[in-house]
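Trainee: when you get a sec, could you give me coordinates for this:
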Amino acid sequence: MPLTAFLIKRFSTKKLYITALFILVAGLIVCTAAKSFPMLMAGRVLQACSNGITTSLAQVVLLTIYPPERKGTIMGWYGLSVGAAPVIAPTIAGLFVDTVGWRMIFIVTLCILTAALICAFICFDNVLDTENRRFDVVSFILSIFAFGGLTLGIGNISRGITNPISAVPLMIGIIGSAFFILRQLKMEQPFLELRVFSNRRFTISVLGSMFLYFVMMGGSVIMPLYVQTILGKSATVSGLVTLPGSLAMAIVSPFAGKIYDKVGMKKLAVSGAAGLLISSVGMFFITLETPVWAASALFIIRCISIGCVMMPFVTWGVTGISSDNTAHGNALITSLRTIAGAIGFAVFVGIMTFVSSVSAEKYGENAGIHGLNMAFLGMTFVSLIMLFISLFCIGKKSDME
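Mentor: So this is what the prediction gives:
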């Protein structure tokens, strides 16, 4: 993801997009033919490389070709894919796993992406200006150590901060980040423009996006664990529990974009943070006797809240910086919120697992649900921070201009 700012500036839009789709198709073929876990993981890494490019590229294209008064609306429609699709996917995947096997997940996706690749050759145009920029190998290597080390180290932190599998990459990530930041600030034409953080609005949008992904990824992982591990339901049931929330997010996202264009960021941010707070508090009081539809209803509130702020945060932040730095701003938001999502995944699953294990003797069969309650208590505090930022750090509609 940090590399995408350079790629978008250096290569034509069509060539970069088609290359990314080719990488994605190659990854899907590898996963479909996988005979072992390492081979499956290799295919997933290829898919992740493609996703890192297309996620940032799509946002930069949309924010470039549409006028300011329509940017919120179009980013709301784009939010359908990046917001609703990852939550709908478990429902479809659960059906495949329970009926025809896991390989069908990749086969169906491969068919869809092959059609998209053909359409790209026919329909896609070059819409972004390019520059003959020098590739800074040192910065790229430092970015790998920085972003990769932090993500890997934090992702394994539930195994213990002193465990080498988390401590070593985390230390590498911290040191790599320090050298990466110093190098970018000294360069006249940096690999990744970090000076955009001098813009208060952009910085607040990055913090808001990070807190959002921190809570969103934690909740998205814990909900299936709750249905399958604690309640003992099937993967299909787990998917069906989260499906209404996915549909709600799909409906809300375009409307959130239109609302952003009309009233600005503040009201959306406050509403979204308040909804996340309500859903997290509700899940804190969930018990084994609570009907599963109640958890599904709370998840709907959660998804609606996420739909209200996910893409508006990006739109609000990136439109606050110069158009020359749009690619850099998108790369930074995408990279940092991904790291925040990895932290949320590790922290909240770690809380749930740790509390469940230490309270097993005291709570018995309720230990698992007690761990879930504590994880959502943590999300409640993070939601409160988001609400504080929304109330006191985001200005009114006039700040958009």
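Trainee: got phi/psi on Gly264?
Mentor: phi 90, psi -170 (degrees, to the nearest 10).
Trainee: meant to ask about Lys35, not that
Mentor: Main-chain dihedrals, Lys35, degrees, to the nearest 10: phi -110, psi -10.
Trainee: could you measure from it over to Arg44?
Mentor: Distance, Lys35 to Arg44, by CB to CB, to the nearest Å: 15 Å. Where C-beta positions appear, they are placed from N, C-alpha and C, glycine not excepted.
Trainee: same deal with Met249?
Mentor: Look at Met249 and Arg44: by CB to CB, they are 24 Å apart.
Trainee: any residues touching the helix or strand of the chain with the lowest mean pLDDT, and which ones?
Mentor: When the helices and strands of the chain are scored by mean pLDDT, DSSP states H and E, helix 85-99 comes last with a mean of 74. Helix 85-99 is contacted by residues 102, 104-105, 108, 220, 224, 234-240, 242-243, 245-247, 249-250, 303 when judged by CB atoms under 8 Å, 6 or more residues apart in numbering.
Trainee: helix, strand, or coil at Gly320?
Mentor: Three-state assignment for Gly320 (DSSP: H, G, I helix; E, B strand; the rest coil): coil.
Trainee: could you report the pLDDT at it?
Mentor: As predicted, Gly320 sits at a pLDDT of 84.
Trainee: give me the element the nearest residue to it once chain neighbours are set aside is part of.
Mentor: Residue nearest to Gly320 in three dimensions, not counting chain neighbours: Arg201, with 3.8 Å by CB to CB, 6 or more residues apart in numbering. Using DSSP states H and E, the element containing Arg201 is helix 200-225.
Trainee: now the angle from that helix to helix 85-99?
Mentor: Using axes from the mean of the first three to the mean of the last three CA atoms, to 10 degrees, the inter-axis angle of helix 200-225 relative to helix 85-99 is 20 degrees.
Trainee: for Ser166, what are phi and psi?
Mentor: Main-chain torsions, Ser166, degrees, to the nearest 10: phi -110, psi -40.
Trainee: I should have written Lys233 there, sorry.
Mentor: Backbone dihedrals for Lys233, given as degrees, to the nearest 10, come out at phi -90, psi 170.
Trainee: could you give the number of residues near it?
Mentor: 16 (other CB atoms under 10 Å).
Trainee: likewise for the one 3 residues further on?
Mentor: Close neighbours of Thr236, defined as other CB under 10 Å, add up to 17.
Trainee: what's the spacing between it and Ile112?
Mentor: From Thr236 to Ile112 the distance is 21 Å (CB to CB).
Trainee: these two touch, right, Gly153 and Pro164?
Mentor: No. Using CB atoms under 8 Å, Gly153 is not in contact with Pro164; the gap is 10.3 Å.
Trainee: that's all I had, so thanks and see you.
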